[in-house]
Structures are given as structure tokens and as C-alpha cells.
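> Okay, predicted coordinates and the sequence, questions at the end:
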Amino acid sequence: MRSTWRTLDAELLRDVAAVAAGAAVSGASFGAISTGAGLPWWLPVVMSLLVFAGGSQFMAVGVVAAGGSPAAAVLAGLLLNVRHLPFGLAVGDVLGKGLVQRLVGSHLLIDETTAFALAQSDPRKAKAAYWSCGVALFLAWNVAVVAGALVGRNIGDPAAFGLDAAFPAALLALLLPALKDRATRHAALLGAAIALATTPLLPAGVPVLVALGGLLVTARQGEKA
Amino acid sequence: MTLAAVLVLAAGTYAFRLAGPLLRDRLTLSERVKLLMSTSATVLLFALVATSSLTKGQGFAGLALPLGVLVGGVAAWRKAPFVVVVVLAAATTAGLRFVGVP
């Protein structure tokens, strides 16, 4: 592990810090929204430590706040998190070889760590990027959720600061190197079109999964090659 | 939301996360399949970028959000530092909302 940390460079740490700062603001608003919806302060905290997937947490609390059952909230949250399975298939190698690294590293498998790992061409740098991003986001997210849950409603609306644009812009920047490849770009564009077209029709989380239909493009190009 | 619901969501989510790395250990994947796996992750993440910039719930997110992401994307494409990309995107969206763009 020591060699993993040594491959960290200042630029990577700065990038990770930027994403962690965004996650902290989002975490604080999650804590505040949860207690605002009537949950005891410790429940969003336990949820953030154990689930550690912001989108599904907002979704689950939102479903209950809107009058849905806990079972419906769990189902909606799980549907959003299915994408972690293909993420793990893609970047599972960068976690490390040991069982503990596998077990702990899997908990840090999120959109951001996947994107950071994919953005590195060198496997050792990918491992350093994955772990530093994962640990930083885990700490930032959970500390912020505690703060938000305790402070409650007084936190301003993060949308007013444009923070909902920070997450997709950061992901997009991390994906640009991979999108230089023509086949990947075509698959991603078709996938995004499918996801957008199906968003009004399908439950949240499913449109992103059916975006995998975009892979048909690369499959066909692979046959031609 | 109950503690039991949180535990079920956490266990299910962890199972999804652990399945990928464990399956990779069991299977010997050809280079072509490995490439397909990383392409699928890129496709999923890009779809996430598209839906989280353009949609809110099941409707259109309004103009301020996608325009902010677009400005950030152009900055990234022009090789701006990552931090600048993120701040530009947020600042653009915040500025547009401040002047009344939905």
C-alpha cells in the first residue's frame, strides 16, 4: 500500500480535493434534508456510512418524505445502485490483490472513484487515484452528513450555488480521455440518447442502465474491424 | 425511513459493489472483454452525466444546469485544470439562476 500512496502526485490530490469539496456540500444538504423530513439525526449518518451512495440516499429519503413505504424507498435506492456491478467489473483490478483490500475497496466503489480510475492510463496510478478519491470522499461525505444533520434546515439550497452542475461537469472532465476513442464516443453518445429518451418512461436508475444499449455500436464496429 | 430499510439498502448496495471485483477474480477475461467492460463503465458514467445535467425527476432540468455543465465541459476540452472546470460549471449555473434563468 505504501507504494500506492507514493505514486500520488499533487495534481491528483488537488483534483480529488475539488470533488471531495463538492461531495461535502452535497452531504451536508443530505443530512439537513433528512432531519428536515423528520428522521432522527443518527439515521442519515448510519445510512451514509453503510450505503455511501449519495444518489440512492437522496432517493430513499425522498420516497419516504413523499409518503412512500420504506420498502419502496429501498427498491428505488437499489435500482439506482445496480450500476456499481458493471463498475466493479470494469475497475475491479485496481482495488488490490488482498482480501481486505477487496472488501474495503468495494465499499469505496462509486461514480467518482470509477471515473478517476478509468482516467488513469498507468495501473499503479489508477490504484492510487481510486483509493485516494475513495478515502477522501468517504471522509468528506460522512463528516458533512453529520454536520448537516445537526445544523438542519439552516443550510442554504445547494442548487442556488450551482453545485448540482459540479458533479456532472467533474465526471465529464474525467471521461474526456476515454471519449477520444471513436468507438467509445459513439457508444457513449448513443447510450446517453437512450437514457434521456427513456427517462420520462422508466423509474430512476433504469435509464442509465439501458444506456448500455449504446454498446451495440462498438460491438458492430468490432465485427467490421 | 427505518433502520431496517437502511440496512437492507446497504447490504444490497454492497453486494452489487463486491460482485464486480469478485467475478473478475473468478473469470479469465480476454483483452477484448476487458476493453468492453471499461467501455461499458464509460457509457454508464456518460449517461449519468447526460441525465444529471438535463433531467430532474422525470422532466427537463431547465437551462441553467445543462449550460453550466456545457461550459465546464468546454473548459475541460480546452485543457483547463480540473478545479477550474468544476468551479466554472457551478458558477455558470449559479449565475444563470441568479439572473432568473430556470
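Perfect, I can see it now.
> How is chain A partitioned into domains?
A:2-175, A:181-225 (automatic domain parsing).
> center of chain A - which residue?
Compute the mean C-alpha point of chain A, and by CA atoms, centre = their mean the closest residue is A:Asp111, 2.9 Å away.
> need the contact list for it.
A:87, A:171, B:45, B:48 (CB atoms under 8 Å, 6 or more residues apart in numbering or on different chains). Where you see a C-beta, it was placed from the backbone N, CA and C, and this is true even at glycine.
> Can you list phi and psi of it for me?
Reported as degrees, to the nearest 10, the phi and psi values for A:Asp111 are phi -50, psi -50.
> State the helix or strand in which the nearest residue to B:Gly68 once chain neighbours are set aside lies.
Spatially, and ignoring its direct neighbours in sequence, B:Gly68 is nearest to B:Thr93 (3.0 Å; CB to CB, 6 or more residues apart in numbering or on different chains). In this structure, B:Thr93 sits in helix B:82-98 according to DSSP states H and E.
> touching chain A at all, the helix or strand containing B:Arg32?
Using DSSP H and E, B:Arg32 sits within helix B:31-54. Yes. Under the criterion of CB under 8 Å from any CB of the partner chain, chain A is reached by helix B:31-54 at B:32, B:36-54.
> got the buried residues for that helix?
B:35-54 (16 or more other CB atoms under 10 Å in any protein chain shown).
> biggest helix in chain A, by residue count?
Ranked by residue count, the top helix of chain A under DSSP state H comes out as helix A:123-151.
> Quick one: mean pLDDT for the helix or strand just after that one?
Downstream of helix A:123-151, the next assigned helix or strand under DSSP H and E is helix A:163-179. Averaged across helix A:163-179, pLDDT comes to 92.
> Show me what helix A:163-179 is packed up against.
For helix A:163-179, the packing partners by 3 or more CB pairs under 8 Å, 6 or more residues apart in numbering or on different chains; DSSP states H and E come out as helix A:10-36, helix A:111-118, helix A:182-198, helix B:31-54, helix B:64-77, helix B:82-98.
> Return the list of helices and strands in contact with the first one.
In this structure, helix A:10-36 packs against helix A:42-50, helix A:54-65, helix A:111-118, helix A:123-151, helix A:163-179, helix B:82-98, with contacts taken as 3+ CB pairs under 8 Å, 6+ apart.
> Give me whichever of those is most buried.
helix A:111-118 (a mean of 27; mean count of other CB atoms under 10 Å in any protein chain shown).
> What separation do you get for the residue in chain B that chain A sits nearest to and A:Ala115?
Closest approach between chain B and chain A, counting by CB to the nearest CB: B:Gly20, at 1.7 Å. Remark: distance between B:Gly20 and A:Ala115 (CB to CB, to the nearest Å) = 15 Å.
> now A:Ala193
If you go by CB to CB, the gap between A:Ala193 and A:Ala115 works out to 20 Å.
> ok, now A:Arg102?
Taken as CB to CB, the span from A:Arg102 to A:Ala115 is 20 Å.
> Does B:Ala4 touch A:Ala71 like I think?
No. Using CB atoms under 8 Å, B:Ala4 is not in contact with A:Ala71; the gap is 9.9 Å.
> Would you point out the helix or strand in chain A whose mean pLDDT is lowest?
helix A:2-6 (a mean of 57; mean pLDDT, DSSP states H and E).
> so how far is the helix or strand just after the helix holding B:Arg32 from its chain's centroid?
Proceeding N to C from helix B:31-54, the next assigned helix or strand is strand B:55-56, under DSSP H and E. A distance of 13 Å separates the centroid of the chain from that of strand B:55-56, by CA atoms, centre = their mean, to the nearest Å.
> Report the mean per-residue pLDDT for strand B:55-56.
92.
> Name every sheet partner of that strand and say whether each one runs parallel or antiparallel.
strand B:59-60 (antiparallel) (DSSP bridges).
> Tell me which residues are up against the strand it pairs with.
By CB under 8 Å, 6+ apart, strand B:59-60 touches A:200, B:54.
> Mean confidence (pLDDT) on it, please.
93.
> And for stretch A:119-139?
Mean predicted confidence for stretch A:119-139 is 95.
> Return it as CSV; C-alpha atoms alone will do.
Output of stretch A:119-139 as CSV, limited to C-alpha atoms (Å, rounded to 0.1, in the frame of the first residue of the first chain):
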residue,chain,number,x,y,z
ALA,A,119,-9.0,8.4,-16.3
GLN,A,120,-5.5,7.0,-15.5
SER,A,121,-3.6,5.1,-18.2
ASP,A,122,-1.0,3.6,-15.8
PRO,A,123,-2.4,0.8,-13.5
ARG,A,124,-0.4,2.0,-10.4
LYS,A,125,-1.6,5.5,-10.8
ALA,A,126,-5.2,4.1,-11.3
LYS,A,127,-4.9,2.3,-7.9
ALA,A,128,-3.6,5.5,-6.2
ALA,A,129,-6.3,7.6,-7.8
TYR,A,130,-9.1,5.1,-6.8
TRP,A,131,-8.0,4.8,-3.2
SER,A,132,-7.2,8.5,-2.6
CYS,A,133,-10.5,9.5,-4.2
GLY,A,134,-12.5,6.9,-2.2
VAL,A,135,-11.0,7.7,1.2
ALA,A,136,-11.3,11.4,0.7
LEU,A,137,-14.9,11.2,-0.4
PHE,A,138,-15.8,8.8,2.3
LEU,A,139,-14.5,11.2,5.0
